[in-house]
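Undergrad: From the sequence below, what's the structure:
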Amino acid sequence: MTTYKKSGVDIKLADKFTEFLQKKSKAIGGFAGLLPVPEMKNKYSIVASTDGVGTKLKLAFLLDRHDTIGIDLVAMCVNDLLCCGARPMLFLDYYATGKLDLARSKKIIDGIMEGCRQGESALLGGETAEMPGFYQPGEYDLAGFSVGIVKNSEVLDGRKVRAGDVLLGLPSTGFHSNGFSLIRKVLGDKKLLKKFAPRLLTPTKIYVKDINKLRAALKKQKHDVLALAHITGSGIPGNLPRVLPKHLGAVVCPGAWKVPSIMRELQAIGKIPEPDMWDSFNMGLGMIAVLRPAAVKTALKTLKGSVVIGEVIKGRNEVVLK
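TA: Purely as a prediction, here's the structure:
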């Protein structure tokens, strides 16, 4: 039996560190940080988010494939901005390696540029750090920084969510960029890793165009998205409660959609317990929108592949899989 903790990732410990950070700054805790702009009469806020690709990079090293990892980097940042209702504007990257390989570096930047295109963001700059002796030959690390803007009257903060609202799941393109320490633990054999790696390297979906399309369609019907949860580390149980009021929880029906076959294949190989699957992976949904029941028909028509997965309920701020 393989668990996320046995692979070296302690989610509960990470949650405790997040709680510590939240005590240090009241602005910390959402998917992205908001800063009201006095110069704009406090009608708008600057929104910022930062993230990396994590150990998915290890698969890029293994296959020597670096053309899509930049898309993952942008996706992990801009998708978080969307959860605050923000419009992404600009992106910055940090690229560190032991010795600069020009051909490989160009592929990485091409991926970042494609991510920025999909995420409707300008690549405004970044930092390339050559650090001899710090990284193994052929290895590197990436971090991204996304900045956007939101009208304060349109911030998504979950305050409008109420019991009876509907949960709409937006399909993922696979594992996205989370759970790869567990994946590599399960597929420890190099030959097995190479067998699965091409499917595992599918880039993280960027939801900017989908969410813009959804909100535009809903506004024509005098509706809007009430909250958005980006399903990353900690899965649906860990991310959905973050966008719900403390007195509300959610019921999610796992049978409402099909979990990607590759996730079940890995579960079988590693004998991963079902709870660990839900805490480690997105299970086929990369974003969840909270909507009024009257808005669901328009949403389903607007976003092909989206599916109703449950509802908001009164009670503890947690997800019940039912």
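Undergrad: wait, doesn't L226 sit right on G158?
TA: Yes: using Cβ atoms under 8 Å, L226 is in contact with G158, at 7.3 Å. All C-beta atoms are positioned from the backbone trio N, CA, C, and that covers glycine.
Undergrad: any residues in contact with both of these two?
TA: The overlap between the contact sets of L226 and G158 (Cβ atoms under 8 Å, 6 or more residues apart in numbering) consists of V290.
Undergrad: Double-check G85 against L156; I have them as touching.
TA: Yes: the criterion here is Cβ under 8 Å, and G85 meets it with L156 at 3.8 Å.
Undergrad: between these two, what contacts are shared?
TA: Common neighbours of G85 and L156 (Cβ under 8 Å, 6+ apart) are 225, 228.
Undergrad: Buried ones in stretch 127-147, by neighbour count?
TA: By 16 or more other Cβ atoms under 10 Å, the buried positions in stretch 127-147 come out as 135, 140-147.
Undergrad: what residues does it touch?
TA: 32, 46-53, 57, 61, 64, 69-70, 73-74, 76-78, 80-81, 88-101, 105, 108, 112, 119, 121.
Undergrad: and those residues, which are buried?
TA: Counted by 16+ other Cβ under 10 Å, those give 32, 46-53, 57, 69-70, 73-74, 76-78, 80-81, 88-98, 108, 112, 119, 121 as buried.
Undergrad: looking at the sheet around the closest residue to P254 other than its chain neighbours, what are its partners?
TA: Excluding the flanking residues, the one nearest P254 by Cβ to Cβ, 6 or more residues apart in numbering is L321, at 5.6 Å. Under the criterion DSSP bridges, L321 forms beta bridges with V252.
Undergrad: L321: how many residues sit nearby?
TA: Neighbourhood size, L321 [other Cβ atoms under 10 Å]: 16.
Undergrad: okay, Y4: pLDDT?
TA: With respect to pLDDT, Y4 has a value of 59.
Undergrad: For the remainder of this discussion, apply numbering that starts at 897.
TA: All set: I'll call the first residue 897, so the last point we hit is now Y900.
Undergrad: In a markdown table: the buried residues of stretch 1023-1043, plus distance to A1185.
TA: A markdown table is the format used below for these (distance: Cβ to Cβ, whole Å):
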| residue | distance to A1185 |
| --- | --- |
| Y1031 | 39 |
| Y1036 | 35 |
| D1037 | 32 |
| L1038 | 28 |
| A1039 | 28 |
| G1040 | 23 |
| F1041 | 25 |
| S1042 | 20 |
| V1043 | 23 |
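Undergrad: Turn these into JSON lines, including distance to H1072, pLDDT and secondary structure.
TA: JSON lines is the format used below for these (distance: Cβ to Cβ, whole Å; pLDDT from 0 to 100; DSSP: H, G, I helix; E, B strand; the rest coil):
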{"residue": "Y1031", "distance to H1072": "24", "pLDDT": "95", "secondary structure": "coil"}
{"residue": "Y1036", "distance to H1072": "20", "pLDDT": "98", "secondary structure": "strand"}
{"residue": "D1037", "distance to H1072": "18", "pLDDT": "97", "secondary structure": "strand"}
{"residue": "L1038", "distance to H1072": "15", "pLDDT": "98", "secondary structure": "strand"}
{"residue": "A1039", "distance to H1072": "17", "pLDDT": "98", "secondary structure": "strand"}
{"residue": "G1040", "distance to H1072": "14", "pLDDT": "98", "secondary structure": "strand"}
{"residue": "F1041", "distance to H1072": "19", "pLDDT": "98", "secondary structure": "strand"}
{"residue": "S1042", "distance to H1072": "16", "pLDDT": "98", "secondary structure": "strand"}
{"residue": "V1043", "distance to H1072": "22", "pLDDT": "98", "secondary structure": "strand"}
